[in-house]
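# structure for the following, please:
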Amino acid sequence: MSGFRKFTVVEKVRESAVITSFLLEPSKEGDWLPFKAGQFLTVNIPVPMGEAGRTLRRTYTVSSPPSLQGRYRITVKRESAPGTEHASALLHDTVNPGDVLEIAGPSGDFTLDACSTRAVLLLSGGVGLTPMISMLHELAHQSDRPVYFLHACENGEVQALGDEVRALQAVRPGIHSHICYRTPTDEDHAAVRFQTAGTITREVLQGFLPLDDYDVYMCGPEPFMQAMFGLLTGLGVREERIAYEFFTNGKKLGAQTAAPVRKVEAPVPSADVSSGLAIRLSKSEKDLIWDPSASSLLSFLEDQGLSPEFSCRAGICGSCKCRVTEGKVEYFEEPLDELDENDVLLCCSRPLQPMVLDL
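Here you go, the predicted model:
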């Protein structure tokens, strides 16, 4: 559903020293939409000072179970840095029960494979557990697949939703959890809140996971995900079985190499089905040939070894907006905001004609 709807904050719950949940209900009946575990919402967060009506737009994963109809829960880590304006800090410090936020979505394709019967590994670091919690709810109540929930964070002071994980583990047989604290406190030791200290290593994975064929869902900071991807593939997990999502501008994991760049003689020749469409990058002076198997212009450029800015990959945040000086695109996902006729969102479009991009 395109466009923003108004939602009221009905509850604000502090989950840990740095993480808070916000429960949201639609201000207008019928504005709540079903979602899949792992999907996210786009939130306009009012800036209380400065330009009137100004907002910061961010995406947050829904951490509540899909079966909980009529409300969403987002679980947000407070991030802040001196001299910067951070959306999560605004949420924590200025948004309270009774306040109204504009929300769009749900969106995103980081979701469970409903057709698979394989065992599931839910692997997270820090606040990357938010999509895993929603997935764990769904797997606990609507599946009999073996589930292994593996979470890493600093210690018990910052871990969120630990009681919820333990309650879900008790719902049925076949659900297992393992918590790894990098620097556990004396209180963590006394309360036995974790299973291993330090980082997740090959030995931790081998000790926790029996030999099986897994579907892996992974979310967390980029260094964590890079390390876990290497460990998993080193243990024989196939790359195509590892689904992952970055909360910030991410990149592809793995050892994929860039596809060769093919030169064309003219910057923008007429369309030719046999040779493909020419894509000219004016700033970097590169001439490429469009690959029809690419899912989007963004994916195509990444396959060429380029790194355009992006965030949501769903036509929402606008991070991948690019100026077009020649050519037209088609959208397979309608942009949330109206664009200038000379702008294009790379993440949700494909070329219809030879193009010149201001990249």
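# C-alpha from now on. contacts and neighbour counts both.
Noted.
# for burial, what's the neighbour tally of Q69?
Residue crowding around Q69 was assessed by other CA atoms under 10 Å; the count is 13.
# check which helix or strand covers it.
Following DSSP states H and E, one finds Q69 outside all helices and strands.
# quick check: it vs L33, distance?
From Q69 across to L33, the span is 8 Å (CA to CA, to the nearest Å).
# repeat for E326
Separation of E326 from L33 (CA to CA): 38 Å.
# can you check R241 too?
29 Å.
# same deal with T130?
Distance from T130 to L33, by CA to CA: 19 Å.
# what about stretch 47-55, how long is it end to end?
End-to-end distance for stretch 47-55: 5 Å, by CA to CA.
# any idea of the mean pLDDT in it?
For stretch 47-55, mean pLDDT is 72.
# go through this structure and flag its longest strand.
strand 5-14 (DSSP state E).
# sheet partners, orientation included, of whatever helix or strand comes next after that one?
Using DSSP H and E, the next helix or strand after strand 5-14 towards the C-terminus is strand 19-26. Partners of strand 19-26 in the sheet, by DSSP bridges, are strand 5-14 (antiparallel), strand 72-77 (antiparallel).
# contact partners of the shortest one?
Pointing back at strand 72-77 there. Residues outside strand 72-77 that contact it (CA atoms under 8 Å, 6 or more residues apart in numbering) are 18-25, 60-64, 88, 127, 130.
# tell me which two of those sit farthest apart.
Between any two of the contacts of strand 72-77, the greatest separation by CA to CA is 23.4 Å, found for V18 and E25.
# out of the two, which sits in the more crowded spot?
E25 (21 against 16).
# who's the more buried one bridged to?
Applying DSSP bridges, one finds that E25 bridges with T8.
# let me know the average pLDDT across the helix or strand where V216 lies.
In the assignment (DSSP H and E), V216 maps to strand 214-219. For strand 214-219, mean pLDDT is 96.
# how about stretch 90-101?
Per-residue scores along stretch 90-101 average to 94.
# please name the residues that touch H92.
Each residue near H92 by CA under 8 Å, 6+ apart is listed here: 20, 78.
# how close does D163 get to G108?
D163 sits 27 Å away from G108 when distances are taken as CA to CA.
# likewise for I19?
22 Å.
# who has more neighbours, these two?
Neighbour totals were compared for I19 and G108, and I19 leads with 22 against 18 (other CA under 10 Å).
# what residues are up against that one?
So I19 contacts 75-78, 127, 158, 160 (CA under 8 Å, 6+ apart).
# who's it bridged to?
For I19, the beta-bridge partners under DSSP bridges are K77.
# returning to what we had before: return the most buried member of the strands paired with strand 19-26.
Neighbour counts (mean count of other CA atoms under 10 Å) averaged over each of those peak at strand 72-77, with a mean of 23.
# with adjacent residues omitted, what lies nearest to the most centrally placed residue in the chain?
Centroid-nearest residue in the chain: E245, 4.1 Å away (criterion: CA atoms, centre = their mean). Spatial nearest neighbour of E245, chain neighbours left out: C219 (5.4 Å); criterion: CA to CA, 6 or more residues apart in numbering.
# next: I175.
V147 (4.8 Å).
# residues in contact with the one you found?
Here V147 is in contact with 119-122, 139, 174-176 (criterion: CA under 8 Å, 6+ apart).
# select only the buried ones of the residues you listed in PyMOL?
In PyMOL, this line selects whichever of the contacts of V147 come out buried by 16 or more other CA atoms under 10 Å:
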select buried, resi 119+120+121+122+139+175+176
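# let's have the contacts of V147 in JSON lines, adding pLDDT, distance to P48 and secondary structure.
JSON lines is the format used below for the contacts of V147 (pLDDT from 0 to 100; distance: CA to CA, whole Å; DSSP: H, G, I helix; E, B strand; the rest coil):
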{"residue": "A119", "pLDDT": "97", "distance to P48": "47", "secondary structure": "strand"}
{"residue": "V120", "pLDDT": "98", "distance to P48": "43", "secondary structure": "strand"}
{"residue": "L121", "pLDDT": "98", "distance to P48": "41", "secondary structure": "strand"}
{"residue": "L122", "pLDDT": "98", "distance to P48": "37", "secondary structure": "strand"}
{"residue": "L139", "pLDDT": "97", "distance to P48": "40", "secondary structure": "helix"}
{"residue": "G174", "pLDDT": "97", "distance to P48": "48", "secondary structure": "coil"}
{"residue": "I175", "pLDDT": "98", "distance to P48": "44", "secondary structure": "strand"}
{"residue": "H176", "pLDDT": "98", "distance to P48": "44", "secondary structure": "strand"}
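# right, and out of the contacts of V147, which lies closest to L339?
For the contacts of V147, the nearest to L339 is L122 (37.2 Å; CA to CA).
# any idea how far N96 is from the residue nearest to the centre of the chain?
E245 is 28 Å from N96, by CA to CA.
# again with G234
Counting by CA to CA - G234 and N96 are separated by 46 Å.
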